[in-house]
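J.: give me coordinates for this.
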Amino acid sequence: MENDENDDDNEEKEEKKNEDDAEADDQSKKEVNNEPKVSVEDIPTKEDTNNFSDLEELLFCRSPNQVKETLKEYEAAAMVDMLSSIKMELSEISAEAFSSLVEILTDPGMYFAQELDEAIQGLGSDDDTIIRIFVSRSEKDLKKIAERFKEFSGRDLDKALEQDTGGDYKKILLKMLDPEMKIA
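T.: All right, here's what the predicted structure looks like:
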């Protein structure tokens with residue numbers, strides 16, 4: 001008789017456990033149903049991790065020579081230059097950023113010459129831009145930039161710097177531009 005009571009107690013415990021498990025399963029199903037379902041197609045693959053647009057892919061992932069050749073082909077096929085397309089298609093801020101990238105990749109000397117011309121124009125100068133360009137470029141690059149500056153603005157870069165800067169700052173810039181120059 002005692003065994004029968006123990007068996008009854010075990011059966012009741014088993015039923016109670018099964019009911020608790022069923023409630024837990026129902027609860028977890030409710031939690032899962034509230035979450036958005038994720039399919040296998042939603043899981044990013046290695047190919048999907050590069051979310052660059054075609055333009056970004058070109059400018060960020062290709063060499064300057066590849067960029068130049070691709071832009072030539074684009075301009076021949078589209079009958080419009082890339083800078084115009086960028087300005088027409090993108091917001092002002094994005095267009096400015098991508099235009100700068102295209103310019104620096106296709107003709108860095110002209111890009112930096114234009115930047116220096118803007119920095120030297122008018123009253124005072126944008127010293128941060130001048131310093132950034134001078135310290136980030138090699139002697140060889142600075143000579144090319146000086147040539148392109150003359151083509152772009154019609155002025156000699158050294159003369160423009162002499163007029164717009166002063167003191168030791170001017171001497172250092174001129175010495176960087178022409179390492180052979182004697183500083184007085």
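J.: what about the helices in this protein?
T.: For the chain, the helices defined by DSSP state H cover 2-34, 54-61, 64-78, 82-89, 92-106, 108-120, 127-136, 139-153, 157-164, 167-177.
J.: helices or strands up against the third one?
T.: Contacts defined by 3 or more C-beta pairs under 8 Å, 6 or more residues apart in numbering; DSSP states H and E place helix 64-78 against helix 54-61, helix 82-89, helix 92-106. All C-beta atoms are positioned from the backbone trio N, CA, C, and that covers glycine.
J.: for these, which one sits closest to Lys144?
T.: helix 92-106 (13.1 Å; C-beta to C-beta).
J.: could I get the helices and strands packed on helix 64-78 as CSV with distance to Val67 and mean neighbour count?
T.: CSV is the format used below for the helices and strands packed on helix 64-78 (distance: least, C-beta to C-beta, whole Å; neighbours: other C-beta atoms under 10 Å):
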stretch, distance to Val67, mean neighbour count
helix 54-61, 6, 14
helix 82-89, 9, 15
helix 92-106, 5, 15
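J.: will you turn the ones you listed into JSON lines that also has mean pLDDT?
T.: Shown next, in JSON lines, are the helices and strands packed on helix 64-78 (pLDDT from 0 to 100):
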{"stretch": "helix 54-61", "mean pLDDT": "85"}
{"stretch": "helix 82-89", "mean pLDDT": "89"}
{"stretch": "helix 92-106", "mean pLDDT": "91"}
